[in-house]
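In: Mind folding the following:
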Amino acid sequence: MIYETTIYAISIILISIIIDMIIGEVPNKIHPVIYMGNFIEKMKNYLPNTKTSGLLTIITTIFTFTIISLILLIITAYINNWIFLIFASILLSTTFSIKFLIESVRKIQTELKEDINKARKSMSYLVSRNTEQLTESRITSAAIETLTENITDSIISPLFYVTILTIPFGIIIGILGGIIYRASNTMDAMLGYKTKELINIGCYPAKWDDILNYIPARITGYYVILSAFLLKYDYKQSYDVMKKFALKTPSPNSGYPMAATAGALNITLIKENVYELGYGTDELNEEKISQAINITKVTSILFILTIIIIYFIILILIM
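Out: Numbering: from 1, shown residues only. Model prediction:
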């Protein structure tokens, strides 16, 4: 029974990854993150701008979407195992984003060749900084920063929590772990800024997201170094830059994959008046975006292979 349950769980995880990598995001009308965003926006508008409101937003958002997801999972499991497998796989696929992340940055890369103003506009949807006057090298830097930071947020972290919760508690709890992470990360993306409007209500959501990403971000950094080694980039410099620059960013986590990538590609990633990551001397151009995409792909594959190996070991132990 345990053997079959484990096979069933890993099947759902792998199918969800395949869905994301081949199909991408589900339509906005049924995407949980869209509903999370609308819910968080209403909480922000109705509650006073206080830290207590931020804490209430965390509790209410996580509780609401965890309960809704749990009910839907129980209903589909009650109907039929195959219905549950399909629904669970689709729901789980919405908690991470591999294809969309890469395609978003590849779009910036294409637009840089065609029209820098298009690239600036597209970049403005992905970063908080003002993009109207960004040069080609600054757009390239911002694209690589966004891409590599989101290796943690969009790929490693949700899969990390799904895996570590599924192993002891089963696939339903694992999926709920992914939902909780995605809700938490969405709160941080919407509220976690030090502006006058958000500095209070966004305080606890930002800290909560930092806590959740603390371990996955460091895992991501080392996987980026391993990816650099496999891709024959400068993995030694990748390690050195990560060690020296990872904590130079305002976030305690985002610097790990960004700095590791900067070192691997011999570049310096710069956000004006905020940080400089690395001491690389290579020009920031569209080729570097391609190399960063390669690192993202290999890092993702390596982590997915790690999950498969973990489950393979478990299957051997319980046979």
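In: Mind giving me the packing neighbours of the strand or helix carrying residue 223?
Out: Assigned by DSSP states H and E, residue 223 belongs to helix 203-230. When contacts are defined as 3 or more Cβ pairs under 8 Å, 6 or more residues apart in numbering; DSSP states H and E, helix 203-230 sits against helix 51-79, helix 157-169, helix 171-191, helix 235-245, helix 255-264, helix 286-318. To be clear about C-beta, it is placed using only N, CA and C from the backbone, and glycine gets the same treatment.
In: Mind giving me the packing neighbours of the second one?
Out: With contacts taken as 3+ Cβ pairs under 8 Å, 6+ apart, helix 157-169 sits against helix 2-22, helix 171-191, helix 203-230, helix 286-318.
In: Any idea which of those gets closest to residue 135?
Out: Each of those has some distance to residue 135 by Cβ to Cβ; the shortest is helix 286-318, at 13.4 Å.
In: could you give the angle of that closest one to helix 157-169?
Out: Orientation check (axes from the mean of the first three to the mean of the last three Cα atoms, to 10 degrees): helix 286-318 against helix 157-169 gives 0 degrees.
In: what residue is smack in the middle of this protein?
Out: Closest residue to the average C-alpha location of the chain: residue 154 at 1.7 Å, with Cα atoms, centre = their mean.
In: Looks like that one contacts residue 96 (just checking).
Out: Yes. The criterion here is Cβ atoms under 8 Å, and residue 154 meets it with residue 96 at 5.9 Å.
In: Return the most buried member of the helices and strands packed on helix 203-230.
Out: helix 255-264 (a mean of 32; mean count of other Cβ atoms under 10 Å).
In: mean confidence score for that helix?
Out: Helix 255-264 shows a mean pLDDT of 98 in the predicted model.
In: Name the residues of the helix or strand just after it that are buried.
Out: Once the chain leaves helix 255-264, the next helix or strand it forms, by DSSP H and E, is strand 269-271. When neighbours are counted by 16 or more other Cβ atoms under 10 Å, the buried residues of strand 269-271 are found to be 269, 270, 271.
In: and the residues you listed as a markdown table, adding distance to residue 70 and pLDDT?
Out: What follows is the buried residues of strand 269-271, written out as a markdown table (distance: Cβ to Cβ, whole Å; pLDDT from 0 to 100):
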| residue | distance to residue 70 | pLDDT |
| --- | --- | --- |
| 269 | 40 | 96 |
| 270 | 44 | 92 |
| 271 | 39 | 90 |
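In: what helices or strands is the worst-scoring helix or strand of the chain on mean pLDDT leaning on?
Out: Among the secondary structure pieces of the chain, namely its helices and strands, helix 116-124 has the lowest mean (mean pLDDT, DSSP states H and E), a mean of 83. Other helices and strands packing on helix 116-124, by 3+ Cβ pairs under 8 Å, 6+ apart, are helix 99-114, helix 136-150.
In: Could you list the residues in contact with the last one?
Out: Spelled out, it's helix 136-150. Taking contacts as Cβ atoms under 8 Å, 6 or more residues apart in numbering, the residues outside helix 136-150 that touch it are 97, 101-102, 104-105, 108-109, 112, 116, 119-120, 123, 126-127, 129, 131, 134, 224, 254, 257-258, 260-262, 265, 267, 269-272, 283-286, 288-289, 292-293, 295-296.
In: confidence score at the residue nearest to residue 263 when sequence neighbours are not counted?
Out: Closest residue to residue 263 apart from its sequence neighbours, by Cβ to Cβ, 6 or more residues apart in numbering: residue 241 at 3.0 Å. On the pLDDT scale, residue 241 is placed at 98.
In: Please apply the same query to residue 1.
Out: pLDDT recorded at residue 1 is 64.
In: swap in residue 283?
Out: 93.
In: Save the helices and strands packed on helix 157-169 as TSV, and put in distance to residue 71 too.
Out: Formatted as TSV, the entries for these read as follows, by distance: least, Cβ to Cβ, whole Å:
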stretch	distance to residue 71
helix 2-22	18
helix 171-191	11
helix 203-230	24
helix 286-318	27
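In: distance of the closest residue to residue 17 other than its chain neighbours from residue 42?
Out: Take residue 17 and drop its neighbours on the chain: the residue closest to it by Cβ to Cβ, 6+ apart is residue 304, 6.1 Å away. In this structure, residue 304 lies at 35 Å from residue 42, with Cβ to Cβ, to the nearest Å as the measure.
In: Please apply the same query to residue 5.
Out: Residue 5 sits at a distance of 38 Å from residue 42 (criterion: Cβ to Cβ).
In: ditto for residue 209
Out: Following Cβ to Cβ, the distance that separates residue 209 from residue 42 is 20 Å.
In: With neighbour numbers in mind, choose between the two.
Out: Between residue 209 and residue 42, counting by other Cβ atoms under 10 Å, residue 209 is the more crowded of the two (25 against 11).
In: quick one on the thing from earlier: nearest to residue 14, of the helices and strands packed on helix 203-230?
Out: Between the helices and strands packed on helix 203-230, helix 286-318 lies closest to residue 14; by Cβ to Cβ that is 7.5 Å.
In: Skipping its backbone neighbours, what lies nearest residue 307 in space?
Out: The shortest distance from residue 307 to any residue that is not its chain neighbour, by Cβ to Cβ, 6+ apart, is 5.3 Å, and that residue is residue 163.
In: Good, wrapping up.
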